[in-house]
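J.: Test case, fold it:
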Amino acid sequence: MTSLVPVLLAGGSGTRLWPTSRKSFPKQFVDLTGSGDSFLQSTLKRSAVMPNASAWIVVTGEDYRFLVAQQAKEAGISIGPILLEPSARNTAPAVALAAFEALALYDSPKLLVQTADHYIKDLKAFGKVIGQAFQSTAPFVLFGVKPTHPETGYGYIECGERLQDEFLVSSFKEKPDLETAEAYLKSGNYLWNSGMFMLDAQAYLDALKTFEPSMYEVCEKAYQNASSDLDFKRVDNETFGKSPSLSIDYAVMERIKNLQVIPYIGDWSDVGAWEAVTSLANQDEAGNMIYGDGVLLESSNTLIRAESRLVTGIGLENLVVIETRDAVLVADATKTQQVKNLVEVLTAQGRNEASEHQKMYRPWGSYETLVLGDRFQVKQIVVNPGASLSLQMHHHRAEHWVVVSGTAEVQVGEGIRMLTEDQSVYIPIGSKHRLTNPGRLPLTLIEVQSGGYLGEDDIMRLDDVYGRS
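T.: A predicted model of the protein is given here:
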């Protein structure tokens, strides 16, 4: 019996949505629409409209493994294997790993491949086209979105002969200029390339073996040499790094004969830049959109996203203003595709803000830098119920922990003590120590670091329940 296996590719960095999206916490884990769900969570919840779908196979990077698991748990979605790519090699190798995994788990699996950065509001319409694609006898089915405007940020699919609900793919078109996009829209014969696919797993691997034999061989060997780590499957690093880096379009789809596409008619957006976010937000009469604490006067068509403080504006027009605790972006709404270039400049300047948030997520919870000075740093640490930091020591800094709420089990040296609200403990330089939350509520504490070097690499892990020692 053919199995429908949803596959989620969740390893991107989303630099065009900086400063909210950064490498340390990219857009797939952020709620950008105000729905209460991140993109990853809203994608996982689409399984409700997939006919008899199995558990998700998620492919992501090493840095995001615990975020995927935590957000899936928070969304109430049971997921299957989480495959860890040791390096980003684009979508074709990632789908190959998922295909090998699906074939190991199911009979005759069909993969429904999606990425974790799509906004789909009309789930009824989406479920309909998923059902159509699953029933199709074609081994490869693309999903094309009926255009609503001349979009220059998407690739296009030219439709050929009609086959009931599907079309044969005549050609693929790269992102066009405005004049060409207007011509595509007027012709009515073009669809946006959504980047979603329904693939027969074995047929995909056979095609990859034909068109990109070196990629196939590398992915097969890397998968065969994978190791299990908690709930994750870690793909062999040395082998996978030798794979060519190609998208699934270039590696396979554009080479397939009689490729089919099913039109999806409904709300859809590949939220790749801030300009796309403006189309999802609730607008006032002047076209303004405000997330968080913002006030605008005599302004129009302006997006404000205030994440940590009040943001105000007067006389603004067609602007995007994104505020975070440590960075602010102000951009012309028509030029937000260039934010990626800005991040490249910041990276070249060695700015940590290019890739790291002040709030960092860990498998046990999170920490956020509140104050950073010369020889001292103040952080807020939140430890999830039942979670524990590694047993560790520091060569260059001492720490002082003050419990704000919850209960802390603290090991310093060989001694263990319990701390509650308003109690504190001092950890001298060189002392081994561990922090655990034995309670049922989150543990929040303030950490004051002092010393000659305060970098995160001054951590010697002696033991760790998450396998990081």
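J.: Could I get the buried residue list for the longest helix belonging to the chain?
T.: Secondary structure assigned by DSSP state H gives helix 91-105 as the longest helix of the chain. Neighbour counts over helix 91-105 (16 or more other CB atoms under 10 Å) mark 91-103 as buried. Any C-beta I mention is one placed from the backbone N, CA and C, and that applies to glycine too.
J.: Would you reformat those residues as a markdown table and include distance to V321 and pLDDT?
T.: Output for these, formatted as a markdown table (distance: CB to CB, whole Å; pLDDT from 0 to 100):
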| residue | distance to V321 | pLDDT |
| --- | --- | --- |
| T91 | 33 | 95 |
| A92 | 38 | 96 |
| P93 | 38 | 97 |
| A94 | 34 | 96 |
| V95 | 37 | 97 |
| A96 | 41 | 97 |
| L97 | 40 | 97 |
| A98 | 39 | 97 |
| A99 | 43 | 98 |
| F100 | 45 | 97 |
| E101 | 43 | 97 |
| A102 | 44 | 97 |
| L103 | 48 | 97 |
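J.: Name the nearest of the residues you listed relative to G272.
T.: Nearest to G272 among those, counting by CB to CB, is T91 at 14.5 Å.
J.: Contact partners for that closest one?
T.: T91 is in contact with L9, T115, G195, S247, I248, counting by CB atoms under 8 Å, 6 or more residues apart in numbering.
J.: pLDDT weak spots in the stretch 1-150 of the chain?
T.: Low-confidence segments of the stretch 1-150 of the chain (pLDDT under 70): none present.
J.: run the last query once more with 80
T.: Counting by pLDDT under 80, the stretch 1-150 of the chain shows low-confidence ranges at 1.
J.: In it, what residue spans correspond to strands?
T.: Secondary structure of the stretch 1-150 of the chain by DSSP state E, counting those that start in this stretch: the strands cover 3-9, 56-61, 79-85, 109-115, 118-120, 140-145.
J.: between the ones you listed, which gets nearest to M253?
T.: Distance to M253, taken as CB to CB, is lowest for strand 140-145 among those, at 7.0 Å.
J.: Could you look up the next helix or strand downstream of the closest one?
T.: Going down the chain from strand 140-145, the next helix or strand is strand 156-163, by DSSP states H and E.
J.: That following strand pairs with which strands?
T.: Strand 156-163 has the following strand partners under DSSP bridges: strand 166-173 (antiparallel), strand 190-200 (antiparallel).
J.: Could you dump these into a markdown table with mean pLDDT added?
T.: Formatted as a markdown table, these follow (pLDDT from 0 to 100):
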| stretch | mean pLDDT |
| --- | --- |
| strand 166-173 | 95 |
| strand 190-200 | 95 |
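J.: Single out the most deeply packed of these.
T.: Mean neighbour count (mean count of other CB atoms under 10 Å) peaks for strand 190-200 among these, with a mean of 23.
J.: Name the next helix or strand downstream of that one, please.
T.: Downstream of strand 190-200, the next assigned helix or strand under DSSP H and E is helix 201-211.
J.: Can you add distance to I416 and give the strands paired with strand 156-163 back as a markdown table?
T.: Shown next, in a markdown table, are the strands paired with strand 156-163 (distance: least, CB to CB, whole Å):
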| stretch | distance to I416 |
| --- | --- |
| strand 166-173 | 62 |
| strand 190-200 | 51 |
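J.: mind checking which of those is nearest S108?
T.: strand 190-200 (7.7 Å).
J.: and the angle for that closest one with helix 91-105?
T.: Angle of strand 190-200 versus helix 91-105, following axes from the mean of the first three to the mean of the last three CA atoms, to 10 degrees, is 30 degrees.
J.: residues touching the closest residue in space to R255 that isn't next to it in sequence, list them.
T.: Distances taken as CB to CB, 6 or more residues apart in numbering place F211 nearest to R255, at 5.1 Å, with adjacent residues excluded. Shown in contact with F211 (CB under 8 Å, 6+ apart): A251, V252, R255.
J.: and what of M360?
T.: S24, F25, S366, Y367, E368.
J.: quick one, phi/psi of it?
T.: Main-chain torsions, M360, degrees, to the nearest 10: phi -120, psi 140.
J.: can you tell me how far it sits from G467?
T.: 19 Å (CB to CB, to the nearest Å).
J.: before we move on, what about V383?
T.: 18 Å.
J.: more neighbours, the two?
T.: V383 (25 against 11; other CB atoms under 10 Å).
J.: Just to check, the more buried one is in contact with L389?
T.: Yes. Taking contacts as CB atoms under 8 Å, V383 lies within contact range of L389: 7.1 Å.
J.: Could you give the backbone dihedrals for E456?
T.: According to degrees, to the nearest 10, E456 has phi -70, psi -20.
J.: ok, it - how many residues close by?
T.: Neighbourhood size, E456 [other CB under 10 Å]: 8.
J.: hey, where'd the strands end up in the stretch 351-469 of the chain?
T.: Counting by DSSP E, counting those that start in this stretch, the strands of the stretch 351-469 of the chain are 359-362, 365-373, 376-383, 391-393, 397-405, 408-412, 415-419, 424-427, 433-436, 443-451, 460-463.
J.: before we move on, the earlier item: need the buried ones from the contacts of T91 selected in ChimeraX.
T.: A single ChimeraX command selects the buried members of those (16+ other CB under 10 Å):
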select :9,115,195,248
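J.: Mind picking the one among the contacts of T91 that's closest to L443?
T.: For the contacts of T91, the nearest to L443 is L9 (33.9 Å; CB to CB).
J.: what sits against the closest one?
T.: L9 is in contact with V59, T60, T91, A94, V95, V113, Q114, T115, A116, counting by CB under 8 Å, 6+ apart.
J.: give me that answer again for 10 Å
T.: Going by CB atoms under 10 Å, 6 or more residues apart in numbering, L9 touches 28, 43, 57-60, 85, 90-91, 94-95, 98, 113-117, 195, 248.
J.: N282 now?
T.: N282 sits next to T33, G34, N288, M289, I290, Y291 when contact means CB under 10 Å, 6+ apart.
J.: If we use 8 Å, what do you get?
T.: Contacts of N282 by CB under 8 Å, 6+ apart are G34, M289.
J.: same thing with the one 4 residues further on?
T.: Contacts for A286 (CB under 8 Å, 6+ apart) come out as L296, S299, S300, N301.
J.: Just say helix, strand or coil for the closest residue to the third one other than its chain neighbours.
T.: Meaning S300. Counting by CB to CB, 6+ apart, A286 is the residue found nearest to S300 once chain neighbours are left out, at 4.3 Å. For A286, the secondary structure call by DSSP: H, G, I helix; E, B strand; the rest coil comes out as coil.
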